[in-house]
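Enquirer: Got a sequence here, can you build the structure:
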Amino acid sequence: MIDDFTLEKIKNDLSLSLNQDEEKAFKELAYPIDVKTGEEAKVKAIFYILSGSLKVSINEGEKSLIICNLKDGDLAILKDDVVMMNTMLNITFTSSKDSKLVVIDKNLIKMLDRKEEFRSLLNTLLAKRLDIMIKALSDISFLPLRDRIHAYLLKNAENGIVKATHSEIAKDNATKREVVSRILKKMEKEGIIMQFKGFVKINPI
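Expert: Below is the predicted model:
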C-alpha cells in the first residue's frame, strides 16, 4: 500500500491520469520495497523508483556490462532473461545506493492496461530498453576498450569523482582487472585522470 503523496508523485512523473477508483486500486495494490546499496532488485515486475538509483547490467556467463543508470522518477520493467543475437542475456538491476521502489502489482497492471496512455508508456519503455541494449552490445563489438572505460568514467562521475575500484570497473565493462589497471595507468600518465584508493578523479579538460 502507498500513501497519497507517493501516488501523486508517480502520477506527475509518469504523466498518468487516474479516476477515483483507479487511484484507490493503485494505492491498495502498489507496494514499496527497500533495496540496500549493492543489493539486486529481485522482483519480476514493473516498478517505479521513488528514491535512490539502480545500475542496469546485461550479463552473459561471467561477463557483465552496465548499460544504463536509473534514478528517482524512472519506471522500469524487470523481466526474465531475453534473447538477442542468438545469445541469452540476463538483465539485473543493482542498487547504487539505498533505494526505495514502488512495485506495481500484476493485478494493477491488468487494470491499467485498459488505459491507452499506460500501454503507450510501457511500449515506449520497452523500445527504449531494447535500443539501449543494442547500443551496449554494439559498443562491446566496435568501440575500443579504452574509449568504453573513458565513457564509463564520465557517465558515472559525481563532481568529477568515480567511486569504484579497478575490479568494479572491470566487471562493469566485461573485462579483466589487469586490463583496466593498464588503461587507467596510461590515462593517468596522459593527465586525463588521477587515481586514488577506491576512486578515480577525472581532471578538468
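
Enquirer: Tell me which residues touch V179, please.
Expert: Shown in contact with V179 (Cβ atoms under 8 Å, 6 or more residues apart in numbering): L145, A170. Bear in mind the C-beta positions are built from the backbone N, C-alpha and C, glycine included.

Enquirer: for it, helix, strand, or coil?
Expert: helix (DSSP: H, G, I helix; E, B strand; the rest coil).

Enquirer: Quick check: pLDDT value at it.
Expert: V179 is assigned 92 on the pLDDT scale.

Enquirer: Tell me how far it lies from R146.
Expert: 10 Å (Cβ to Cβ, to the nearest Å).

Enquirer: Count the neighbours of D98 for me.
Expert: Applying other Cβ atoms under 10 Å, we find 14 residues neighbouring D98.

Enquirer: quick one: secondary structure of it?
Expert: Relying on three-state DSSP, one would call D98 strand.

Enquirer: Next one: it from H150, what distance?
Expert: Distance from D98 to H150, by Cβ to Cβ: 29 Å.

Enquirer: Also S96?
Expert: 20 Å.

Enquirer: for K100, same thing?
Expert: 32 Å.

Enquirer: same check, this time on I161
Expert: For I161, the distance to H150 - Cβ to Cβ - is 15 Å.

Enquirer: would you list every one of the helices in this structure?
Expert: Ranges of helices within the chain are 4-14, 20-29, 106-112, 116-142, 145-156, 166-172, 177-189, based on DSSP state H.

Enquirer: Which one, of the ones you listed, ends up nearest to N69?
Expert: helix 145-156 (7.4 Å; Cβ to Cβ).

Enquirer: Would you pull up how far that closest one lies from the middle of the chain?
Expert: Chain-centre distance of helix 145-156: 16 Å, with Cα atoms, centre = their mean, to the nearest Å.
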